[in-house]
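K.L.:
Sequence isn't available, so here's the structure alone:
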């Protein structure tokens, strides 16, 4: 009998296998960069598209709220730049910005984390900064290269006015998740949305417990069409 972790990994295996075979064939076709950009719906996979739609649906909920967006774990900037572009499109006259936090050195698991992920998700800070500037997103993007476990508290203390209407935690490490929720959940406005990328899955073993530690009586929700992120919370002020 398969254990829980095996079931979690194999439920989508058939779909994933087809998708990765498609990626291999696409690489052989080697479509021009302009084709990939101009006609991206032709090439993007359903899982990736669902993730972006998931973020968009939750962003729409918080447009009327005052506050910024915070993202813990920017990696190469896929979701970070999506937030920035949504702000550009839908809030051109508001002060909303997206604050990204990453140390750009990849994952460094602790004792309670998934040790197989050591070194994963290392990215280049300067490359992401250049992409922000090339796309004219500097006015809505604040990219911070820092160790959240050591530097976030001081950063926020220097900015006591900062409030957030959407918080996205995508880091998968116990100490980073704990510091992020401890410091940022109190600054999430009532009605704001917290997104946890790996709630309830084995790749981030402590994420479920840490989420429940901080959110009080708020419910963890999901959207039926999206695989990751796995959970979100609408802060109702009863924490």
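P.N.:
Done, it's in. Because the structure is predicted, anything quoted here is derived from the model rather than measured.
K.L.:
Just confirm residue 213 is within a helix.
P.N.:
Yes: the assignment for residue 213 is a helix, going by DSSP: H, G, I helix; E, B strand; the rest coil.
K.L.:
okay but it is in contact with residue 181, surely?
P.N.:
Yes: checked against CB atoms under 8 Å, the pair residue 213 and residue 181 is within contact range at 7.4 Å. The C-beta positions use only the backbone N, C-alpha and C, and glycine is treated the same way.
K.L.:
Can you pick out the residue with more neighbours from these two?
P.N.:
Using other CB atoms under 10 Å, the more surrounded residue of residue 213 and residue 181 is residue 181, with 22 against 14.
K.L.:
Next up, the contacts around that one.
P.N.:
Residues in contact with residue 181 (CB atoms under 8 Å, 6 or more residues apart in numbering) are 169, 210-211, 213-214.
K.L.:
Retrieve the pLDDT associated with it.
P.N.:
For residue 181, the model assigns a pLDDT of 98.
K.L.:
Sticking with it, tell me its helix or strand.
P.N.:
Taking DSSP states H and E as the criterion, residue 181 maps to helix 174-184.
K.L.:
Would you tell me what the next helix or strand after that helix is?
P.N.:
Defined by DSSP H and E, the subsequent element after helix 174-184 is strand 188-196.
K.L.:
Enumerate the positions of that following strand that are buried.
P.N.:
Of the residues in strand 188-196, 188-189, 192-196 count as buried by neighbour count, 16 or more other CB atoms under 10 Å.
K.L.:
Ignoring the adjacent residues along the chain, who's closest to residue 22?
P.N.:
On the basis of CB to CB, 6 or more residues apart in numbering, the spatially nearest residue to residue 22 that is not a chain neighbour turns out to be residue 45, at 7.2 Å.
K.L.:
for residue 197, same thing?
P.N.:
With CB to CB, 6+ apart as the criterion, residue 197 has its nearest non-adjacent residue at 3.9 Å, and that residue is residue 170.
K.L.:
again, but for residue 119
P.N.:
For residue 119, the closest residue by CB to CB, 6+ apart turns out to be residue 106, at 4.7 Å.
K.L.:
What of residue 63?
P.N.:
Counting by CB to CB, 6+ apart, residue 63 lies nearest to residue 90, which is 5.8 Å off, once chain neighbours are set aside.
K.L.:
Thank you, goodbye.
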